[in-house]
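> Build me a model:
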Amino acid sequence: MNRSLFGMLLGGFAAVLWTLSASPDLSREAAPPPSPKAEPPPSGALFADDFASGNLGGWRVDATDYWTIRRGMLRCDLPDRKQVHSLIRAGDSTWKDYALDFDVCGIRGVDKGAVVRMRGQIGLGLDLRGPGYNDLLLNVRELPVGRVSLTNGNGMWHHVRVEVRGDRCRVMVNDSDPLERRIPGKVPTSGGIALAAYTGGVGESTVYYDNVVVTALP
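Have a look, this model is predicted:
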C-alpha cells in the first residue's frame, strides 16, 4: 500500500471517529409516544395545563435551560452528571387539601415525580423510580416516608394521582393499589406543587410531563 493511500484511509478513519464523538446522544433526543388525550379540567380546578399554549405561563422554573415545551409536552433534560436536580413549580401557599394529576414518561434515567404542599424548599416528594429500581418513594427532602414496589418502564406514559387531605397522603400510579401514608409534621399544611427531574446515581435524566391538573378536595 502506498503512503498516499494509507494516509487517505487513516484520515477517513479519523473523520469517522470524530463524527461519532461529535454526534448527539440519540436516546436523549428520542420522542416519547403521543401523550394521553387531555380531558377537560373539572369545574373549579385550581390549576390545569396541557402545554398546548407553547409557553410556561403560570410556572416558575429554577433553571430555564432545562425545561422546555416540545411537541405540546413539557420536557426536562438535565446535564449528564450525578445528583443534578431541577424543579418547575406552580400554585401558592393557600392550597391545602387537593389532588394533583399528571402524566409522565421517562426517556433516560430513573427518577421522575412531583412535590406537593411545597412551601419554600420543603414539601412532600414523590419519586417514581424506573429501570433498576421499579418502585414508588415518598420522602421529605431525603428522609423516606414510604415505599412500595411498582414496575414503571421508560418510554411509556404513566398516570399519577396524588391526594393530600389533612395529615394523610394517597398516591396511585396507573391502576396500582394506592400507597397511603401519614404526612409528617415537618411538611407544611398547605403549599403549591412542583414537577421534578433528578439524575441520581446514574447521572442522566430526560423526562416528559403532560396533562397537569390540580383539584380541590372537600
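
> Just the C-alphas of stretch 115-124, formatted as PDB.
In PDB, the C-alpha atoms belonging to stretch 115-124 read as follows (Å, rounded to 0.1, in the frame of the first residue of the first chain):
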ATOM      1  CA  VAL A 115     -43.800  17.600  45.200                       C
ATOM      2  CA  VAL A 116     -47.000  18.600  46.900                       C
ATOM      3  CA  ARG A 117     -47.700  21.100  49.700                       C
ATOM      4  CA  MET A 118     -44.400  22.800  48.800                       C
ATOM      5  CA  ARG A 119     -43.500  26.000  50.500                       C
ATOM      6  CA  GLY A 120     -40.000  27.300  50.100                       C
ATOM      7  CA  GLN A 121     -37.700  24.300  49.900                       C
ATOM      8  CA  ILE A 122     -39.900  21.900  51.900                       C
ATOM      9  CA  GLY A 123     -42.800  19.700  50.700                       C
ATOM     10  CA  LEU A 124     -43.800  16.000  50.400                       C
END
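
> quick one: low-confidence parts of this structure?
Residues of the chain that meet the criterion pLDDT under 70 lie in 1-24.

> so Val148 makes contact with Leu136?
Yes: Val148 lies in contact with Leu136 (Cβ atoms under 8 Å); the separation is 5.2 Å. Bear in mind the C-beta positions are built from the backbone N, C-alpha and C, glycine included.

> which of those two has more neighbours?
Legend: neighbour count by other Cβ atoms under 10 Å for Val148 and Leu136, higher for Leu136 (22 against 16).

> and the strand or helix carrying the more buried one, which strands flank it?
Element membership for Leu136 (DSSP states H and E) is strand 135-140. With DSSP bridges as the test, strand 135-140 is paired with strand 122-129 (antiparallel), strand 143-149 (antiparallel).

> Give the other helices and strands that the following helix or strand past the shortest one contacts.
Beyond strand 143-149 in the direction of the C-terminus, DSSP H and E gives the next helix or strand as strand 158-165. Counting contacts by 3 or more Cβ pairs under 8 Å, 6 or more residues apart in numbering; DSSP states H and E, strand 158-165 packs against strand 98-108, strand 111-119, strand 122-129, strand 168-173.

> again, only using 10 Å
Packing contacts for strand 158-165, counted by 3 or more Cβ pairs under 10 Å, 6 or more residues apart in numbering; DSSP states H and E, involve strand 98-108, strand 111-119, strand 122-129, strand 168-173, strand 206-216.

> mind listing what that strand pairs with, with the direction of each?
Strand 158-165 sits in its sheet next to strand 98-108 (antiparallel), strand 168-173 (antiparallel), going by DSSP bridges.

> Can you check what angle separates that strand from strand 206-216?
40 degrees (axes from the mean of the first three to the mean of the last three Cα atoms, to 10 degrees).
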